[in-house]
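1. just the structure for this:
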Amino acid sequence: MIYFITLLTLIVYPISAKEKLETAIFAGGCFWCMESPFEKVPGVKDVVSGYTGGNKDNPTYEEVSSGTTGHVEAILITYDSNKVSYEQLLYIFWRQIDPTDSDGQFVDRGKQYRSVIFYQTKEQKALAEKSKMELDKSKRFEAPIVTEIISATKFYPAEDYHQDYYKKNPVRYNYYRYGSGRDQFLKKIWQKEP
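-> Okay, the predicted model is just below:
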């Protein structure tokens, strides 16, 4: 009898499609500000703040922020590609940054805060290049789009206190985010889009 109920349950409630987990790596200035928008996206399983693109193993926040390691502050997104596509993540990425600034983002200055898409496959590279070209053609920005698209290198998670900073320190995070000018810029540029 127990076997019958179990079998009936499986017939009535089929097992859902298996997750197809993939990763994306984006840099857009302060990783605190990049982490929060992606964590709200259905299908995104995890967002980790960290460092990548440089030449020092296991860099610290102090080393990266000094600009001496070649790394940038970045986020590593783990997502279920059956629920959200890489193209959709790119769409969100472009709406978090100033893609015309080659020397940082908003109040964070220096190459360690520049915007970069780190591709991990040929498909990611092609999709990133296509989205960049479409954004450039849209003429939404007067200056050229300078966000780099480069091959991913080893990603180093940032220190624990940086992870989910916007949840752990909401007052400081909101004060910083507002003071950076990021939201005011994004609202001005994207005000007529969701």
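
2. alpha carbons only for contacts and neighbour counts from here, please
-> OK.

3. and the pLDDT for I15?
-> Looking at I15, its pLDDT is 43.

4. all further residue positions should be reported with the first residue as 44.
-> Renumbered: residue one is now 44, and that last one reads I58.

5. list the contacts of the residue nearest the centre of the chain.
-> Closest residue to the average C-alpha location of the chain: F69 at 4.3 Å, with CA atoms, centre = their mean. Listed by CA atoms under 8 Å, 6 or more residues apart in numbering, the contact set of F69 reads 117-119, 136, 158-161.

6. by mean pLDDT, which helix or strand of the chain comes out lowest?
-> The helix or strand of the chain with the poorest confidence is helix 45-55; it has a mean of 42 (mean pLDDT, DSSP states H and E).

7. if we can go back for a sec, the residue nearest to the centre of the chain: what secondary structure?
-> strand (DSSP: H, G, I helix; E, B strand; the rest coil).

8. same check on T121?
-> Relying on three-state DSSP, one would call T121 strand.

9. which residues does it contact?
-> 64-67, 87-90.

10. what about the closest residue to it other than its chain neighbours, helix or strand, and which?
-> Nearest non-adjacent residue to T121, counting by CA to CA, 6 or more residues apart in numbering: T66, 4.5 Å away. Following DSSP states H and E, one finds T66 within strand 64-71.

11. using CSV, write down the CA coordinates of whichever helix or strand comes after that strand.
-> Per DSSP H and E, strand 64-71 leads on to helix 74-82 as the next helix or strand towards the C-terminus. In CSV, the C-alpha atoms belonging to helix 74-82 read as follows (Å, rounded to 0.1, in the frame of the first residue of the first chain):
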residue,chain,number,x,y,z
PHE,A,74,30.8,45.0,-5.5
TRP,A,75,28.3,45.9,-2.7
CYS,A,76,26.3,47.8,-5.3
MET,A,77,26.5,45.1,-7.9
GLU,A,78,25.6,42.2,-5.6
SER,A,79,22.2,43.4,-4.5
PRO,A,80,20.4,43.8,-7.8
PHE,A,81,21.4,40.3,-9.0
GLU,A,82,20.4,38.6,-5.8
